[in-house]
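Chemist: Sharing a model that was predicted from the sequence below.
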Amino acid sequence: MKEKRISFGQGKGSIAHNNREFVADNVDVFRTPDNITFVCQPIGEAYDQLFAESTERYNAKQRRNDRKVHGSYYEHLFGVKPCNTVRTAADKRKSFYEDVVQIGKKEDSGYGTEDFQLVADCLKEYMEGFQNRNPNFYVFNAVLHMDEATPHLHIDYIPVGHYKRGQDVQNGIAQALKEMGYGEGKMAIAKWRAAEVEVLNKICLEHGIKPLEPEKARGTLEIPEYKEKRRQADELAEQNAQVEAELSEKQAKSEKLDKEIEKKLAQVKVILNYIPDYEKEFKIEDDCKQLCDELGGLLDGKLSIMRNKDSIVAKVQKLCQLVKKVNDNAHKSGNTIYSLHEKLDATLKECDDVRQRLKRTSGECSELRRDNSALQAQVDELTEFVSLLKRYEPQKYAEVRQTQEYIHTQREQEVQQQFTTRKKKSWGLE
């Protein structure tokens, strides 16, 4: 099953652009006749249809002239004649809202791909049920654009709420969401979007598309700023790759050191467990055995060794004194504990060196992980900018990509030329 990412975000709300009253650079005018217009009603007419009767009822109840709505309801809220761009009232109400819905991206669903018409059919089916699902969102303009890089919907609607105080029918998105069953507060719009995305997901699945999580709207980004951010993102990505390589190398070294420590500890345990059968004067053998048992407990694990280093050294020194006494009594004959202690001392020194190297390596790994996390966060942020440009400025994005590919080609040619020159010199041709 094909996987595609769904985009469901808030649009700028330009009716003139949606209805192609002017043509932007990213529009293919030869494909404009393929656009599908579901609704195209002037916003002033829509406001009169929705609120005129309510305004009359409200004015009829008012005894004071200064409390009446003068002119149209639209002019009363926004102070201007009805227009095709979003207006915001003093109480933050907007003249209309727009949602832009898209399935897939230019690379997998754009014009010229095999799924171009498939995603358009899914969007058409989604739009045909939108008004029935959302009775309090009056859709006055809705267009499926087929003449840009990827098919997408522009849905423009006016939220309609019913009130007991003031005018009984008003523009009110909070009340509209509440009446449609999405509750109150900041999460109401999020719940509504989630429900709409779920509807779109089901439609996609029925058409053989596995929908991925929708992308979030992230505002706008100017092209010069994008280019700079893209350059920074490339640099950070390169640095991130270097950090990853260094981190992998440090981790490999750390694992190697762990194995060395385990090997040395095994040698220490072998030495400590060796207790020759010497004469038991002054209970030396018992004391040696007790010290060996205590050291065996302290040497059980790298963490224990690091925590009890001083105690281990003290016990080894004491063991050394006992061994020396045994060695003197045995007249330094044969393979005595004293000779084994020399090996133990050398091995402990090696363990200490390995632990120091491991400590330094662990610190470097931790620092690299922190640097890597910071770089990854910056890369994620800049990747969001790239996605935004691809969505809202696909033409500019294509131009930037073309320029980037040209620069990459030039660099490859320069590298090839340098390689050829070095080869000629090695052959004595230059």
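Modeler: Good, I have the coordinates.
Chemist: Please verify my assumption that residue 108 contacts residue 115.
Modeler: Yes. Distance between residue 108 and residue 115: 6.4 Å, which falls inside the contact criterion (CB atoms under 8 Å). Every C-beta, even on glycine, is put in place using the N, C-alpha and C of the backbone.
Chemist: What score does the nearest residue to residue 394 once chain neighbours are set aside have for pLDDT?
Modeler: Setting aside the residues directly before and after it, residue 394 is nearest to residue 149 in space (CB to CB, 6 or more residues apart in numbering), at 3.9 Å. Looking at residue 149, its pLDDT reads 92.
Chemist: Residue 393 versus residue 149, what's the distance?
Modeler: 10 Å (CB to CB, to the nearest Å).
Chemist: shared neighbours of those two, anything?
Modeler: The contact sets of residue 149 and residue 393 overlap at residue 26 (CB atoms under 8 Å, 6 or more residues apart in numbering).
Chemist: the more surrounded of those two?
Modeler: More crowded of residue 149 and residue 393, by other CB atoms under 10 Å: residue 149, with 24 against 21.
Chemist: could you list every residue that touches that one?
Modeler: Contacts of residue 149 (CB under 8 Å, 6+ apart): 26, 106, 110-111, 394-395.
Chemist: How are the helices of the stretch 51-200 of the chain distributed by residue range?
Modeler: Here the stretch 51-200 of the chain has its helices, by DSSP state H, counting those that start in this stretch, at 73-78, 106-109, 116-128, 130-133, 173-179, 187-206.
Chemist: mind checking which of the ones you listed is nearest residue 386?
Modeler: Smallest distance to residue 386 across the helices of the stretch 51-200 of the chain (CB to CB): 12.5 Å, for helix 106-109.
Chemist: which strands and helices sit next to the closest one?
Modeler: Helices and strands touching helix 106-109, by 3 or more CB pairs under 8 Å, 6 or more residues apart in numbering; DSSP states H and E, are strand 2-10, helix 116-128.
Chemist: about what we covered before: when residue 108 and residue 115 are compared, which one has more neighbours?
Modeler: Neighbour count, other CB under 10 Å: between residue 108 and residue 115, residue 115 has more, with 20 against 17.
Chemist: got the contact list for that one?
Modeler: Contacts of residue 115 (CB under 8 Å, 6+ apart): 2, 4, 104, 108-109, 209.
Chemist: possible to save these as CSV with distance to residue 374 and pLDDT?
Modeler: Below are the contacts of residue 115 laid out as CSV (distance: CB to CB, whole Å; pLDDT from 0 to 100):
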residue, distance to residue 374, pLDDT
2, 36, 86
4, 32, 90
104, 32, 92
108, 32, 89
109, 34, 91
209, 36, 91
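Chemist: taking those residues as a set, which two sit the farthest apart in space?
Modeler: Farthest-apart pair in the contacts of residue 115 is 108 and 209; separation 10.1 Å (CB to CB).
Chemist: Find the residues that touch each one of these two.
Modeler: Here residue 108 and residue 209 have 2, 4, 115 as joint contacts, going by CB under 8 Å, 6+ apart.
Chemist: and the first one, how far is that from residue 208?
Modeler: When CB to CB is applied, the distance between residue 2 and residue 208 equals 6 Å.
Chemist: Walk me through the domains of this protein.
Modeler: 2-217, 252-363, 393-426 (automatic domain parsing).
Chemist: all strands of the protein, in order?
Modeler: For the chain, strands defined by DSSP state E occupy the ranges 2-10, 36-40, 97-103, 137-145, 152-162, 169-171, 209-215.
Chemist: how about the CA coordinates for the last one, as CSV?
Modeler: I take that to be strand 209-215. Extracted C-alpha coordinates of strand 209-215, given in CSV (Å, rounded to 0.1, in the frame of the first residue of the first chain):
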residue,chain,number,x,y,z
ILE,A,209,-3.2,4.9,0.3
LYS,A,210,-1.8,4.5,3.8
PRO,A,211,-1.9,8.0,5.3
LEU,A,212,1.0,9.3,7.4
GLU,A,213,0.7,11.8,10.2
PRO,A,214,-0.4,15.3,8.8
GLU,A,215,2.2,18.1,8.6
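Chemist: okay, and the common contacts of residue 108 and residue 115?
Modeler: Residues touching both residue 108 and residue 115 (CB under 8 Å, 6+ apart): 2, 4.
Chemist: By mean pLDDT, point me to the weakest helix or strand of the chain.
Modeler: Across the helices and strands of the chain, mean confidence by mean pLDDT, DSSP states H and E is lowest for helix 302-307: a mean of 65.
Chemist: mean pLDDT lowest for which of the helices and strands packed on helix 106-109?
Modeler: Least confidently modelled of the helices and strands packed on helix 106-109 is strand 2-10, at a mean of 88 by mean pLDDT.
Chemist: Please identify the buried residues of that strand?
Modeler: When burial is assessed from 16 or more other CB atoms under 10 Å, strand 2-10 yields the following buried residues: 2, 4-9.
Chemist: angle of it against strand 97-103?
Modeler: Counting by axes from the mean of the first three to the mean of the last three CA atoms, to 10 degrees, strand 2-10 lies at 170 degrees to strand 97-103.
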